[in-house]
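Colleague: model the structure of this input:
(one chain, ligands or ions: 1)
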Amino acid sequence: MELLTNFSWVAKIATDDYVGFTFFVGCMAMMAASAFFFLSMNSFDRKWRTSILVSGLITFIAAVHYWYMRDYWASFEESPTFFRYVDWVLTVPLMCVEFFLILKVAGAKRSLMWRLIFLSVVMLVTGYFGEAVNRDQAWLWGLVSGIAYFAIVYDIWLGSAKKLAESAGGAVLSAHKTLCWFVLVGWAIYPIGYMAGTPGWYEGIFSGLDMDVIYNIGDAVNKIGFGLVIYNLAVKSSSDKA
Ligand SMILES: *C/C=C(C)/C=C/C=C(C)/C=C/C1=C(C)CCCC1(C)C
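Modeller: You can find the predicted model right below:
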């Protein structure tokens with residue numbers, strides 16, 4: 001009986017537990033966004049359905065991982081680094097696929113998609129090594145990760161993806177531009193979280209910031225934001241024709 005009364009399926013979240021709070025709210029937000037994207041999918045022109053489906057998959061995969069991360073944090077009060085990076089390694093390549101999908105109308109090739117996917121995987125695997133495996137050298141892993149990140153930024157802002165977006169013009173070009181801003185500014189939140197949570201010469205600059213809170217804010221902004229940009233593109237280009 002003792003055991004039964006002390007055992008509970010839900011953990012308390014203290015009022016000052018910002019990590020626990022943002023895991024909880026993040027989980028709910030990702031679930032709601034997924035329902036929104038999945039349910040709106042069929043009201044659009046065929047050519048946008050895959051893009052909206054992928055938006056929903058991104059937030060859905062995140063919702064499932066947030067469910068586990070919320071629990072992990074509640075049980076151990078430790079960063080759920082492993083779940084975090086599994087989530088990212090599935091969802092960030094899908095965000096790269098979104099660039100390819102919207103640029104397909106301008107003749108984007110699969111090679112663009114694979115290049116962005118490859119760079120994003122390099123960025124994340126090296127980040128994982130710095131955060132979880134070889135923390136003493138976190139700055140070095142972070143640097144390599146950052147180079148891969150800049151290669152992505154270059155490709156979409158100035159490289160081949162940019163040229164395709166320009167030839168597509170109109171709503172596709174403006175959606176592409178907004179996604180570019182998400183990658184440049186929204187994704188830059190992550191290296192700040194990384195520096196707040198790993199040892200290195202940069203220690204102290206971001207002290208007072210909590211790595212998990214920063215990552216959780218970044219995920220909500222970027223994953224749901226990306227999806228809404230695509231949603232908006234589908235709305236615009238469907239009403240253009242009507
Ligand atoms: C939904 C999840 C997203 C959009 C995650 C993005 C993650 C990054 C852009 C991470 C970047 C990193 C660096 C550029 C250097 C330090 C290590 C990372 C992995 C935090």
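Colleague: chain center to stretch 190-198: distance?
Modeller: 15 Å (CA atoms, centre = their mean, to the nearest Å).
Colleague: can you tell me the residue of this protein closest to the ligand?
Modeller: The minimum distance from the chain to the ligand, using CB to the nearest ligand atom, falls at residue 127 (2.4 Å). Every C-beta, even on glycine, is put in place using the N, C-alpha and C of the backbone.
Colleague: and that residue, what element?
Modeller: In this structure, residue 127 sits in helix 110-128 according to DSSP states H and E.
Colleague: quick one: contacts for residue 239?
Modeller: Applying CB atoms under 8 Å, 6 or more residues apart in numbering, we find residue 239 in contact with no residue.
Colleague: again, but for residue 160
Modeller: Residue 160 neighbours (CB under 8 Å, 6+ apart): residue 112.
Colleague: just give the nearest non-adjacent residue to residue 21, would you?
Modeller: residue 13 (6.1 Å; CB to CB, 6 or more residues apart in numbering).
Colleague: and that neighbour, what pLDDT?
Modeller: The per-residue pLDDT reported for residue 13 equals 89.
Colleague: ok, the one 4 residues further on next?
Modeller: At residue 17 the predicted local distance difference test score is 95.
Colleague: how far away is residue 131 from residue 222?
Modeller: 18 Å (CB to CB, to the nearest Å).
Colleague: name the SS class of residue 204, please.
Modeller: coil (DSSP: H, G, I helix; E, B strand; the rest coil).
Colleague: model confidence score at it, please.
Modeller: At residue 204, pLDDT is 88.
Colleague: now residue 27: how far from residue 222?
Modeller: Counting by CB to CB, the gap from residue 27 to residue 222 is 16 Å.
Colleague: an error on my part: the question was meant for residue 85.
Modeller: 15 Å.
Colleague: wait, doesn't the residue nearest to residue 21 sit right on residue 74?
Modeller: Yes: at 7.4 Å, residue 13 and residue 74 qualify as touching, with contact defined as CB atoms under 8 Å.
Colleague: between the two, which contacts overlap?
Modeller: residue 20.
Colleague: which residues touch residue 66?
Modeller: 23, 26, 27, 30, 87.
Colleague: any idea of the mean pLDDT in the helix ranked longest in the chain?
Modeller: Identified as the longest helix of the chain according to DSSP state H is helix 46-76. Taken as a whole, helix 46-76 carries a mean pLDDT of 96.
Colleague: cheers, nothing more for now.
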